[in-house]
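1. Here's a sequence, model it:
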Amino acid sequence: MNRNGRATGNAGNLMGILLIVAGVVIAGNVMNWWNISLFFRGWWTLFIIIPCAGNVRRYGMRTGWGAGLILGVMMLLSQWHLFSLGWAIKLVLPVLLILYGLYVIGNGVHFNRVAPDGTTDSRRGGSYNAFFSGNETCLPSEEFFGASTTAVFGGVELDLRSAIIVEDVTIDATAIFGGIEIYLPDDVNVKLTSTALFGASDNGVKRVTVPEWPTVYIRSTAIFGGVEIL
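-> Take a look at the predicted model:
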């Protein structure tokens, strides 16, 4: 079974246990064995928080489970009047526009390479994006010069395992309420720098640095989202 299957199974198990416990407590109350109140303001958010928290613990603050956990906690705090969910929802769009605008300004020019003679190589990397959608791209066995990828309320899967990387390249990855998975070939070094706000970036490439290999520099920004390097 793949990782997504295991995650779904764990979430189902946790939800099943929660339902069984609730049933036993309610039955005990009916039989006058005890008098336990299961219900408090916002109790229903536990059906979101507990499964997501269990999978976040196992797999990290990945896109789906991490976003679900954050949303569940926000809902619970809203029920206790410690946080205004309606206010936050109204601010989502303007905040995303501001953040993405800053990203565009700060990353408007990328992947211009300097040739050995000092001149600028005008060849640019590709752009792979998903806005409220999904994008799965597998690059062919051609030289790779770098890329930018953005997922906003969507998911991007960028498969570079067949790509040819002969020198250092840069990949900019931005996940805003979305997720990005980047698959790299075996003969490259990986350097990840990340900025996260209620999100996470995970470098799953665990191998010793080889000086002779080119390095893939990944600059990750995760805002209520996740970036994973595999």
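
2. So which elements touch whichever strand or helix holds R57?
-> Using DSSP states H and E, R57 maps to helix 46-59. Judged by 3 or more CB pairs under 8 Å, 6 or more residues apart in numbering; DSSP states H and E, helix 46-59 is in contact with helix 3-30, helix 63-79. Every C-beta, even on glycine, is put in place using the N, C-alpha and C of the backbone.

3. Can I get that helix in PDB, CA atoms only?
-> Taking Å, rounded to 0.1, in the frame of the first residue of the first chain, the C-alpha atoms of helix 46-59 are listed here in PDB:
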ATOM      1  CA  LEU A  46     -12.300  16.900  17.200                       C
ATOM      2  CA  PHE A  47     -13.500  14.800  14.300                       C
ATOM      3  CA  ILE A  48     -11.200  17.000  12.200                       C
ATOM      4  CA  ILE A  49      -8.400  17.600  14.600                       C
ATOM      5  CA  ILE A  50      -7.700  14.100  15.900                       C
ATOM      6  CA  PRO A  51      -7.200  12.300  12.600                       C
ATOM      7  CA  CYS A  52      -5.200  15.100  11.100                       C
ATOM      8  CA  ALA A  53      -3.000  15.400  14.200                       C
ATOM      9  CA  GLY A  54      -2.300  11.600  14.100                       C
ATOM     10  CA  ASN A  55      -1.200  11.800  10.500                       C
ATOM     11  CA  VAL A  56       0.800  15.000  11.000                       C
ATOM     12  CA  ARG A  57       2.700  13.200  13.700                       C
ATOM     13  CA  ARG A  58       3.500  10.300  11.400                       C
ATOM     14  CA  TYR A  59       4.200  12.100   8.100                       C
END
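
4. on that earlier part again, rank the helices and strands packed on helix 46-59 by mean pLDDT and give me the bottom one.
-> Here the lowest mean pLDDT among the helices and strands packed on helix 46-59 goes to helix 3-30, at a mean of 67.

5. Now do the helix holding R57, average pLDDT.
-> On average, helix 46-59 scores 74.

6. swap in stretch 184-196?
-> Averaged across stretch 184-196, the pLDDT comes to 91.
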